[in-house]
Structure formats: structure tokens, C-alpha cells
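Asker: just a sequence and a predicted model for now, questions to come.
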Amino acid sequence: MFSKILVPVDLADPEHYRPAVSEARELARLHKADVRVMTVLDLPPPPTAGYQTQYLSEETRREALTEAELTLKQIAGEMAVEGRRADSAVRAGRVYHEVIEEAESWGADLIVMGSHHPGMSTYLLGSNAARIARHADCSVLIMRTAGTS
């Protein structure tokens, strides 16, 4: 039923992405699906003429991207099952927008992601998981961390 499973992870929050990674690996095994693990970095854009607030040097941006790529490759390596492909992608921008774009451009038919228990700010502003579930063209499975409701 599923042939391409996208797994967005927040590298700073392993507690919430580990259940999604585990579930995606099992689904990939059952469906003989390819998996792509991805993350979205919140990096300010490079400075432009006359606009240098929240400046990050190009070296700092490269280091952040390289570190994320290495970590994702390790996670993807653990997700490869029975000869199926598991790869990774790093994007920069708004999480929900980049996840939806990656799912569409890669042709994912399932997004598996972790989530935390919604708080008041999430109810008022909307969480990334909720936005992705609302706007994705494919199925979305949101895994809660054990012990949350």
C-alpha cells in the first residue's frame, strides 16, 4: 500500500522522533517501501544588501547543514530494511512548509512523524504536525510519545 515513507525529525528532540522512526521502519518492512528521513533547520537566510539582522556566517550555516546531514545519514542507515532504500534530506525554512514540499517533490505516500502533547500555545498557533496533517496530499501518521495523551 505504501511505497515511499517520509519521516521528518527534529534532531534536537530524539524523545519525540524515535517512536516515529521505529514505526516507519516497521511499515517500510511490511510494505517493502523506501524511506526518507528529513529534518528542517531554522536558519536565517544569508544576509542581503542592507539587511543583516540575525546574521549567520556562511561557515556556520555550512557546519549546521553538514552536522544535520551526518546525523540523518546515520538514522537512515538504521532504517534500511531488506534491501530497500533509506536516504535523507536536509532543508532550511519553516517546518510544515518544507515537509510538505519534500513529500510532494519526492512522491511520498505516507508521512510518519512524532509529536508532543499540545499545549495552550499549540492550540492558539497550531503545531507543525497539525498543519502537515491538514495540508499534506498523502496520508500522515502522527506518533505520540508514550505517556502523553
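Answerer: Sure thing, it's come through.
Asker: okay, and the helix or strand of this protein with the least pLDDT?
Answerer: Sorted by mean pLDDT, DSSP states H and E, the helices and strands of the chain end with helix 120-125, the least confident at a mean of 44.
Asker: what's the following helix or strand after that one?
Answerer: Per DSSP states H and E, helix 120-125 leads on to helix 128-135 as the next helix or strand towards the C-terminus.
Asker: mind listing the strands for the chain?
Answerer: Shown for the chain, the strands assigned by DSSP state E span residues 4-8, 34-41, 86-92, 110-115, 139-144.
Asker: sheet partners, orientation included, of the first one?
Answerer: Take DSSP bridges as the rule and strand 4-8 pairs in its sheet with strand 34-41 (parallel), strand 110-115 (parallel).
Asker: so how far is the longest one off the chain centroid?
Answerer: Mean C-alpha position of strand 34-41 versus that of the full chain (C-alpha atoms, centre = their mean, to the nearest Å) differs by 5 Å.
Asker: list of residues touching that strand?
Answerer: Applying C-beta atoms under 8 Å, 6 or more residues apart in numbering, the set of residues contacting strand 34-41 from outside is 3-11, 21, 24-25, 28, 64-65, 68, 71-72, 75-76, 79-81, 84-95, 98-99, 102, 106, 108. Bear in mind the C-beta positions are built from the backbone N, C-alpha and C, glycine included.
Asker: could you export that strand as PDB, CA atoms only?
Answerer: Coordinates of each C-alpha in strand 34-41 appear next as PDB, following Å, rounded to 0.1, in the frame of the first residue of the first chain:
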ATOM      1  CA  ASP A  34      11.600   3.200   0.500                       C
ATOM      2  CA  VAL A  35      12.200   5.600   3.400                       C
ATOM      3  CA  ARG A  36      13.500   9.200   3.500                       C
ATOM      4  CA  VAL A  37      14.300  10.700   6.800                       C
ATOM      5  CA  MET A  38      14.500  14.500   6.800                       C
ATOM      6  CA  THR A  39      14.900  17.500   9.000                       C
ATOM      7  CA  VAL A  40      14.300  21.200   8.600                       C
ATOM      8  CA  LEU A  41      16.800  23.700  10.000                       C
END
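Asker: mean confidence (pLDDT) on that strand, please.
Answerer: Taken as a whole, strand 34-41 has a mean pLDDT of 95.
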